[in-house]
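Asker: Build the 3D model from these lines:
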Amino acid sequence: MQECTGCPPHPDHVTFSAGEGWKDADYDVSGWESASEHTEEEVGTKDGYEEIDWSSDARIIWTSDLEQDNTLLCKVTVQAP
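Answerer: Predicted coordinates for the structure are as follows:
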């Protein structure tokens, strides 16, 4: 992936920062949008999607905005046994 250096920002794009320390266990993610499940048709799968042997349990998750959002951050807390 190439980064565009010196390119003007697109007027319809918004940059979101997860926030400093978002990987920390005590970081509050309550303001983050929850992921939603989508179909292959909604997403418009491409670029090798069909070459992967997906489990029947696999689901496509993303935010509610499939057009605008291009990064999905996932955070889960696992309790110690």
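Asker: So what touches the lowest-mean-pLDDT helix or strand in the chain?
Answerer: In the chain, the helix or strand scored least confidently by mean pLDDT, DSSP states H and E is helix 40-43, which has a mean of 83. Applying CB atoms under 8 Å, 6 or more residues apart in numbering, the contact partners of helix 40-43 are 49, 60, 62, 66. (C-beta placed from N, C-alpha, C; glycine too.)
Asker: pLDDT score assigned to the residue nearest the centre of the chain?
Answerer: Residue closest to the average C-alpha location in the chain (CA atoms, centre = their mean): residue 72, at 1.3 Å. With respect to pLDDT, residue 72 has a value of 75.
Asker: and the residue nearest to residue 69 when sequence neighbours are not counted, how many neighbours?
Answerer: Leaving out its chain neighbours, the residue that sits closest to residue 69 by CB to CB, 6 or more residues apart in numbering is residue 63, at 4.5 Å. Using other CB atoms under 10 Å, residue 63 has 17 other residues around it.
Asker: wait, residue 63 sits on residue 70?
Answerer: No: Residue 63 is not in contact with residue 70 according to CB atoms under 8 Å; the separation is 9.8 Å.
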